[in-house]
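In: Structural data only, the sequence is not supplied:
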């Protein structure tokens with residue numbers, strides 16, 4: 001054929017490395033996924049199981065004690081193991097998971113820039129928007145997997161304690177924590193495009209996350225709903 005040997009010129013819409021960028025980024029997150037996912041899952045599992053072993057009177061005493069610490073969350077159904085775990089652990093899970101999410105978000109593009117390898121990546125027939133999309137999609141997937149692992153830990157704690165296993169509620173609670181952490185990861189990604197280093201962006205985003213957590217708790221204790229509305233954690237608690 002007269003067309004033999006003629007190759008098509010790559011265009012911006014064609015990116016043969018798209019799948020590689022996504023899988024490579026997700027593969028780099030495999031250790032944080034296992035460490036953070038399994039670690040937080042064990043934390044929730046231990047809280048539910050250990051609280052279920054207490055007597056009813058001990059649970060009532062713990063509920064009365066916890067009701068005085070509304071800073072960490074609204075005291076709802078504290079006599080039940082899941083209610084106590086929600087008050088004690090779920091309110092702080094986005095902050096704990098947010099530590100890694102912020103670091104990952106700040107380094108999503110800046111890591112290649114600091115390593116002077118971003119030009120090599122952009123030299124491929126991939127547009128800048130598609131490179132960002134693939135990396136961001138991998139971060140979202142990593143956080144979603146961690147959220148599912150947290151939900152599985154809660155389900156395991158409920159099953160071990162011999163109480164009703166709410167599979168959908170447990171998975172949604174874990175994904176909700178991951179979604180809250182993703183908000184601050186995106187903030188770190190945005191700030192990283194302005195500041196000179198990923199470390200500075202992560203520090204600023206982390207400070208905003210801590211400040212938002214303090215604002216939410218202070219508004220809850222002071223019965224100032226308008227103050228809590230300024231924090232993303234208020235909307236996290238509503239879900």
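Out: Everything's here; your move. As the structure is a computational prediction, the values presented were derived from the model and not from experiment.
In: Please count neighbours and contacts with C-alpha atoms only from this point.
Out: Noted.
In: host element of the residue nearest the centre of the chain?
Out: Per C-alpha atoms, centre = their mean, the C-alpha nearest to the average position across the chain is that of residue 178, at 3.0 Å. Residue 178 belongs to helix 167-192 when elements are defined using DSSP states H and E.
In: Please apply the same query to residue 194.
Out: Residue 194 belongs to no helix or strand, assigned by DSSP H and E.
In: what's around it, how many residues?
Out: Residue 194 is flanked by 11 other residues according to other C-alpha atoms under 10 Å.
In: what does residue 64 give?
Out: Here the count is done by other C-alpha under 10 Å, and residue 64 has 14 residues near it.
In: what's the answer for residue 68, then?
Out: Look at residue 68: counted by other C-alpha under 10 Å, it has 11 neighbours.
In: now residue 171
Out: For residue 171, using other C-alpha under 10 Å, the count is 20.
In: got the contact list for it?
Out: By C-alpha atoms under 8 Å, 6 or more residues apart in numbering, the contact set of residue 171 is 147-148, 150-152.
In: Ok, residue 227 next?
Out: Neighbouring residues of residue 227 by C-alpha under 8 Å, 6+ apart: 215-216, 218-219.
In: I'd like the list of the residues you listed that fall within helices, please.
Out: Secondary structure assignment (DSSP state H) places 215-216, 218-219 from the contacts of residue 227 within helices.
In: how about a markdown table for these, with pLDDT and distance to residue 88 added?
Out: Below are the ones in helices among the contacts of residue 227 laid out as a markdown table (pLDDT from 0 to 100; distance: C-alpha to C-alpha, whole Å):
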| residue | pLDDT | distance to residue 88 |
| --- | --- | --- |
| 215 | 94 | 18 |
| 216 | 92 | 15 |
| 218 | 92 | 16 |
| 219 | 90 | 18 |
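In: In these, which residue is surrounded by the most others?
Out: Within the ones in helices among the contacts of residue 227, most neighbours by other C-alpha under 10 Å means residue 216, with 27 neighbours.
In: That one touches residue 231, doesn't it?
Out: Yes - Residue 216 is in contact with residue 231 according to C-alpha atoms under 8 Å; the separation is 5.7 Å.
In: What is the neighbour count of residue 111?
Out: Residue 111 - counted by other C-alpha under 10 Å - has 15 other residues nearby.
In: For residue 85, see how far away it is.
Out: Look at residue 111 and residue 85: by C-alpha to C-alpha, to the nearest Å, they are 37 Å apart.
In: Residue 160 - how many residues pack around it?
Out: Look at residue 160: counted by other C-alpha under 10 Å, it has 16 neighbours.
In: That one is in what secondary structure piece?
Out: helix 128-161.
In: Please compute how far that helix lies from its chain's middle.
Out: On the basis of C-alpha atoms, centre = their mean, to the nearest Å, helix 128-161 sits 7 Å off its chain's mean C-alpha point.
In: Give me the angle between that helix and helix 167-192.
Out: If you take axes from the mean of the first three to the mean of the last three C-alpha atoms, to 10 degrees, helix 128-161 sits at 150 degrees to helix 167-192.
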